[in-house]
Each structure stands twice: as structure tokens, then as C-alpha cells.
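> Following is a predicted model, sequence given first.
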Amino acid sequence: MSGKSRRDFLKSTALIGAGVTGLSATAKASPKNILSEDRMGVLVDTTVCVGCRNCEWACKGAHDLLAGNLESYEDRKILETKRRPDHTALTVVNEYSPGKNSNLPIDVKVQCMHCDNPACVSACIVGAFSKHENGSVTWDTDMCIGCRYCMAACPFQVPAFEYDKALNPKIMKCDFCFDRTKEGKLPACVSICPVEALTYGSRTELVKIARDRIKKNPDRYVDHIFGEYEVGGTSWMYLANKDFAELDFPNLGKNPAPGVSESIQHGIFAYFVPPVSLYALLGGIMWISKRRKELDEEVK
Ligand code: SF4
Ligand code: SF4
Ligand code: SF4
């Protein structure tokens, strides 16, 4: 992720200072949340997905993660165990028993949903997460202090922590292939999908496509576009022929999750929960010192 300006740094410094001194300015700061009419998204049609896991392989390759041979992804034994995205795989595919009017298993690709009102953005006390105009939710590795509030706040349990790295562990998650899409390329997973189970486009258009598919094929789909309204809407949306709860999608309602995470932070700062605050304080001081040194060197 790209670095931030000196002004951003100073803003973050002020936020940490406010949190440390017991003021709840950090918790009350609005998330950087851009909801452009033209924001992009992906429609995942799980009735089309064949569970080939090419998307997993392409995603790793696009993010300098150990990917191995594509042929090794043909072994379907791994689909017998349910997995979550982690720091070694920003997207994973899980398999479920057939839904209505089908005898084929259902394969579901899982990654960050790129929420319209992202709880991770709201929860991050140093502003390391950002919602972009194109719909992506990204994070800045240099700003992250490893507090893991984002992990606690995310309603989809997506951000993963590099627990195996003793030095400078990072938060990892799908970044919607931000570097590729800003150059006009498709996200790597969308680009490789051999059966077009993933459709990349404007979110508004994707909702229309999804509604049209359901209307024209009522026997093929349940009448629900997951992500159209959940937690205030998400950039990634899903179609399926089975109740989403049976596919391990959380039942979240329509209200954005940031209110929840902001409440958590308000509680933390209002009552000054000692271990968490101390951790944030120490992390903040270390991060400020590191950035001051870097900026001083840049100025010289
Ligand atoms: S799914 Fe989680 S990590 Fe992704 S944007 Fe939403 S809150 Fe953030
Ligand atoms: S959009 Fe990019 S980062 Fe996200 S799952 Fe697809 S390939 Fe991975
Ligand atoms: S590449 Fe496409 S068909 Fe294959 S698992 Fe991923 S989404 Fe499904």
C-alpha cells in the first residue's frame, strides 16, 4: 500500500494523542468512506463456480504470496475442510452440499467484501484503512501498529494477522487488486476464472444483472443478493441456490457495522480498559517515533 503524506501523519499523531489522553476524538473520528456512484464491485455467482480454485492461485501470484503450481490446485481434497482467508491466501474457496434443483456441490469463494461502510476503516485508530472511490478498501502497512481492532470489528472476520512473523507482522486481506484495477486491469481472480463465475463492473450494474438473473431463473436462485443491503451494502455480492446462512454467510441485517465498532472504541476510551489502551499507547508511541525518524531523514 502506498505511503501517506506528512499531513496524514500529523493528523494520525493527533488522533493517537487524543486517545491516550482519554479524549474520545479517535473513537468519534468519521471513517474515510467514499461512496461513489461509479464504485466497482464483483458479482459472484456460486451457481456457476466449479470450485477449480484458479482464483486462489492467481490471487497469490498477484500479491507475491507462495502460490505453487496451478496443477496442484486440482486436488479437491482440500475442499473437504472449511477454510478462511489468512495471510497466506487472501481468498479461499469452500464447498457445500447441493442446493435447490441441483445435484452439484456449491463452491463459494471467500475474501474481503469491500463494505460500503467498512467497520475496519472505522475501527482503525491510526487511519491505516481507507475506502476508495472505486470501491476498494485498502490498508497502509507503514501506518498499521498491529493493534488488530480491524480484526475484531470486521463482521466477516476477514483481516488476518501475520502471527508467524516475529518482526513487523502485518495485517493482510484482499485489496481488490488495487494496483491492477487502477491500471485498468481486472482483479487477478476475475481475470483467471474459466467459467465467468466472477463479474467485475459498476456496483449499480451488477445489482441489475443479479436481479435480472434471479427474475429470469427463479428455479436456479434463492431470491436474495447477498451484499446488496447487508451491513449497508458491500462491493462484492453473491448469488446462490441455497439459503446464505447454510453457506456460512453471517446474518447481519442492513445496518452498517461501523456504529458497532465505534461503540466498542467509545467503550474502550471511555472506561480506559488498561491492557488494550496500554497496547495502543505503546504501539502508537513506537509508530510515531519511527515515522518521525523517517520524516526527519526525508527532510535532511
Ligand atoms: S469485509 Fe471486513 S475487512 Fe473487508 S471492508 Fe468489510 S469490514 Fe473491512
Ligand atoms: S480481488 Fe485481487 S486480492 Fe481480492 S481476491 Fe481477487 S485476486 Fe485476490
Ligand atoms: S476461478 Fe472461478 S470457477 Fe474457479 S473457484 Fe474461483 S470463482 Fe470458482
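Alright, I've got the coordinates. Numbers count the residues shown, from 1 in each chain. Ligands and ions are numbered 1, 2, ... in the order given.

> Residue 88: what's it in contact with?
With contact taken as Cβ atoms under 8 Å, 6 or more residues apart in numbering, residue 88 is in contact with 60, 65-66. In this view, the C-beta of every residue, glycine as well, is placed from N, C-alpha and C.

> Go through these and flag which are in helices.
residue 60 (DSSP state H).

> Please pick the buried ones from the contacts of residue 88.
Taking 16 or more other Cβ atoms under 10 Å as the criterion, what is buried in those is residue 60.

> Which of the contacts of residue 88 sits closest to ligand 3?
Closest approach between the contacts of residue 88 and ligand 3, by Cβ to the nearest ligand atom: residue 60, at 12.6 Å.

> any idea how far the closest one is from ligand 1?
Here residue 60 is placed at a distance of 18 Å from ligand 1 (Cβ to the nearest ligand atom, to the nearest Å).

> what's the closest non-adjacent residue to that residue?
residue 67 (3.8 Å; Cβ to Cβ, 6 or more residues apart in numbering).

> any idea of the pLDDT on the one you found?
With respect to pLDDT, residue 67 scores 97.

> Would you mind listing the residues in contact with it?
Each residue near residue 67 by Cβ under 8 Å, 6+ apart is listed here: 57, 60-61.

> Residue 96 too?
Taking Cβ under 8 Å, 6+ apart as the criterion, residue 96 is in contact with 105-108, 242, 246-248.

> Which of these fall within strands?
106-108 (DSSP state E).

> okay, the residues you listed in TSV with neighbour count and distance to ligand 3 next?
Below are the ones in strands among the contacts of residue 96 laid out as TSV (neighbours: other Cβ atoms under 10 Å; distance: Cβ to the nearest ligand atom, whole Å):
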residue	neighbour count	distance to ligand 3
106	20	11
107	22	5
108	21	9
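
> Can you tell me which of the residues you listed comes closest to ligand 1?
So of the ones in strands among the contacts of residue 96, ranked by how close each gets to ligand 1 (Cβ to the nearest ligand atom), first place is residue 108, at 14.8 Å.

> Please look at the closest one and residue 49 and confirm they touch.
Yes: counting by Cβ atoms under 8 Å, residue 108 touches residue 49, with 7.3 Å between them.

> Please enumerate the shared neighbours of the two.
Shared contacts of residue 108 and residue 49, defined by Cβ under 8 Å, 6+ apart, comprise residue 93.

> could you pull out the helices for the chain?
Going by DSSP H, the chain shows helices at 6-20, 25-28, 54-62, 119-123, 149-153, 178-181, 188-192, 203-216, 258-271, 274-299.

> Would stretch 130-146 count as contacting ligand 1?
Yes: counting by Cβ under 6 Å from any ligand atom, ligand 1 has neighbours in stretch 130-146: residue 137.

> anything in that stretch near ligand 2?
No: using Cβ under 6 Å from any ligand atom, we find that stretch 130-146 stays clear of ligand 2, coming within 8.5 Å at best.

> Distance from that stretch to the middle of the chain?
Put simply, stretch 130-146 sits 10 Å off its chain's centre (Cα atoms, centre = their mean, to the nearest Å).

> How about stretch 125-134?
11 Å.

> my guess is residue 169 meets residue 163, correct?
Yes: counting by Cβ under 8 Å, residue 169 touches residue 163, with 6.8 Å between them.

> Between these two, point out the one with more neighbours.
residue 169 (15 against 9; other Cβ atoms under 10 Å).

> Contacts only, for that one.
Counting by Cβ under 8 Å, 6+ apart, residue 169 makes contact with 146, 161-163.

> Next, see if stretch 43-53 gets close to ligand 3.
Yes: for stretch 43-53 and ligand 3, the contact criterion (Cβ under 6 Å from any ligand atom) is met by 49-53.

> Give me the distance between the closest residue to residue 192 other than its chain neighbours and residue 230.
Excluding the flanking residues, the one nearest residue 192 by Cβ to Cβ, 6+ apart is residue 58, at 4.1 Å. With distances taken as Cβ to Cβ, to the nearest Å, residue 58 is found 26 Å from residue 230.
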